[in-house]
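[1] After the sequence you'll find the predicted model.
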Amino acid sequence: MVRLILVGLGLASLLLLPRTASAIEWWHDSERGCGTLDGWQRTGRVKDLPGCDGELPKGAPPGELAMHDAKKALHDAERLLDNGQTLDLEGKLDLAANSMNKAPNDPRVNWARPHYAKSLALLRARLAIVPRLPKLRIAFKAAIDAADQAGRQKTDAAKKAALTASDACVQAFRDAENQGIDLSVAVELTAGKSRPLREDQRDCASGKSDTPAVAAKPDEVKPAAPDKPEAVADKPAAKGGGDGGVPRPKWLKTLRGDRKKVFQDHDDAYPEFEGDPGPKGAAKAAEWHYGTQTFTFKRNKLVKPKK
């Protein structure tokens, strides 16, 4: 009798396992190559992009399948760029764009679209830089080496050579920017050191040296001024709704009444609305849109959800 009871308890525990596993949302499973919004905003790497590029479960929604194909293509393109390769890279970027263009109109896909567009734009910007990297690397190394030599020798000739090399390096970055290169994009100009090209340009201007003549020359510091728009570029757009880069817990603290309930009912998408992005704009918007669904509010009360 005791043995029967033990067997029964064992079977019951096995029956409970699938239920426990199903409580974990598979589209957040890192083993499937799934990313999260927080991770993507923190690293900007494709592996952290929302969506999964690993094996999906059977019966996965069409939107997840489209995001899977797009993310896999973006991830392959990023690996090629990391390895300094460009062959077939354009084709992978086009595949990612086409996959998202054909993706169905549903809340999670619509929420993810701007993040995929941002990733695609970043990779295209990196690709545009590749042909100009050799010239920038040569100019950068020459400027830093000349500045180091001037710091050691402390002669007028060495200082003059350092300033000349610095001028040439800064001009190389200016030429690249005039040709459409985005200097805010992070690349490895120096092996093992990925950072925005604007910072490399700044080191060109200063020589990254203790030599006062190189570091303090006013004309050489001026090229760093274009950094100001860079900070503005990181800010979300003033209009158009969206998550605004604010995590879901802060949305839940801001929203009230029916707005909060509707938001909780759509636990893996953000509403689209007219107004400032983020929860504060959403709390004032008269209408929210989730794909084809429209929710109309008067203050925090749901007036008439439209199908």
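    Thanks, I have it.
[2] Arg45 and Leu163, how far apart?
    38 Å (Cβ to Cβ, to the nearest Å). Heads up, the C-betas are built off the backbone N, CA and C, glycines and all.
[3] So those two - more neighbours on which side?
    Neighbour count, other Cβ atoms under 10 Å: between Arg45 and Leu163, Leu163 has more, with 21 against 15.
[4] Give me the pLDDT value at the more buried one.
    Model confidence at Leu163, given as pLDDT, is 92.
[5] Against which helices or strands is the one helix or strand it maps to packed?
    According to DSSP states H and E, Leu163 maps onto helix 156-178. Helix 156-178 makes packing contacts with helix 133-153, helix 197-206, helix 212-215, helix 218-221 when contacts are defined by 3 or more Cβ pairs under 8 Å, 6 or more residues apart in numbering; DSSP states H and E.
[6] For His28, which of the ones you listed is the nearest?
    Closest to His28 of the helices and strands packed on helix 156-178 is helix 197-206 (Cβ to Cβ; 33.9 Å).
[7] Give me the buried positions along the closest one.
    Neighbour-count burial for helix 197-206, counted by 16 or more other Cβ atoms under 10 Å, picks out Leu197, Arg198, Glu199, Asp200, Gln201, Arg202, Asp203, Cys204, Ala205, Ser206.
[8] Output the residues you listed as TSV; include the columns pLDDT and distance to Gly91.
    Listed next are those as TSV, based on pLDDT from 0 to 100; distance: Cβ to Cβ, whole Å:
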residue	pLDDT	distance to Gly91
Leu197	92	26
Arg198	91	30
Glu199	92	31
Asp200	91	30
Gln201	91	32
Arg202	92	35
Asp203	91	35
Cys204	86	35
Ala205	85	38
Ser206	84	41
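[9] Now the residue most central in space within the chain: closest residue in space, sequence neighbours ignored.
    For the chain, the residue nearest the mean C-alpha position is Gly44 (3.2 Å; Cα atoms, centre = their mean). Of all residues beyond its chain neighbours, the one nearest Gly44 is Leu122 (6.9 Å), with distances taken as Cβ to Cβ, 6 or more residues apart in numbering.
[10] Wait, that neighbour touches Thr43, no?
    No - Leu122 is not in contact with Thr43 according to Cβ atoms under 8 Å; the separation is 11.7 Å.
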